[in-house]
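Q: sequence and predicted structure are below.
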Amino acid sequence: MGDNSKDVRAKADLRFRKAERAATARDQAMNEYAAEDEKRRIKTAKLKELRLAREAEEQAAAAAVAPAPKKNPVAKTVKGAKTVKIAKALKTAKAAKK
């Protein structure tokens, strides 16, 4: 009878240690996952900050550069103006036929 109770107790101890190892492994895996998640969030925040700084710098550079003056589409001579008007009329006529 003494041997039977010792066997039962030994089996119970083995089950307990096995469950304890599983819990420890699970906790370790969750800690690793949380650490990786934290690293990912930090890296993402850093990259976002760099991107926003770069975009602000590009906008400032674009604002500093004066826009090129627009060319006047109207022809300077009467003959040139007639040529431009005829070319536009031909283009609109072709577009209307399609």
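A: Everything's here; your move. Numbering: from 1, shown residues only.
Q: got a pLDDT number for residue 24?
A: pLDDT recorded at residue 24 is 95.
Q: separation between it and residue 15?
A: Taking CB to CB, to the nearest Å as the criterion, residue 24 is separated from residue 15 by 15 Å. C-beta: built from backbone N, CA, C; applies to glycine.
Q: can you give me the helices in this structure?
A: With DSSP state H as the definition, the chain shows helices at residue ranges 2-64, 78-97.
Q: export those helices to a markdown table and tack on distance to residue 70 and mean neighbour count?
A: What follows is those, written out as a markdown table (distance: least, CB to CB, whole Å; neighbours: other CB atoms under 10 Å):
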| stretch | distance to residue 70 | mean neighbour count |
| --- | --- | --- |
| helix 2-64 | 17 | 10 |
| helix 78-97 | 16 | 10 |
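Q: and those helices, which one averages the lowest pLDDT?
A: Set side by side, the helices of the chain show their lowest mean pLDDT on helix 78-97, which sits at a mean of 68.
Q: thinking again about what came up before, now render the helices of the chain as TSV, adding distance to residue 71.
A: Formatted as TSV, the helices of the chain follow (distance: least, CB to CB, whole Å):
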stretch	distance to residue 71
helix 2-64	21
helix 78-97	13
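Q: any idea how far stretch 54-72 is from the middle of the chain?
A: Remark: stretch 54-72 is offset 26 Å from the chain centroid, using CA atoms, centre = their mean, to the nearest Å.
Q: next one: stretch 31-50
A: Stretch 31-50 has its average C-alpha position 14 Å from the chain's average C-alpha position, going by CA atoms, centre = their mean.
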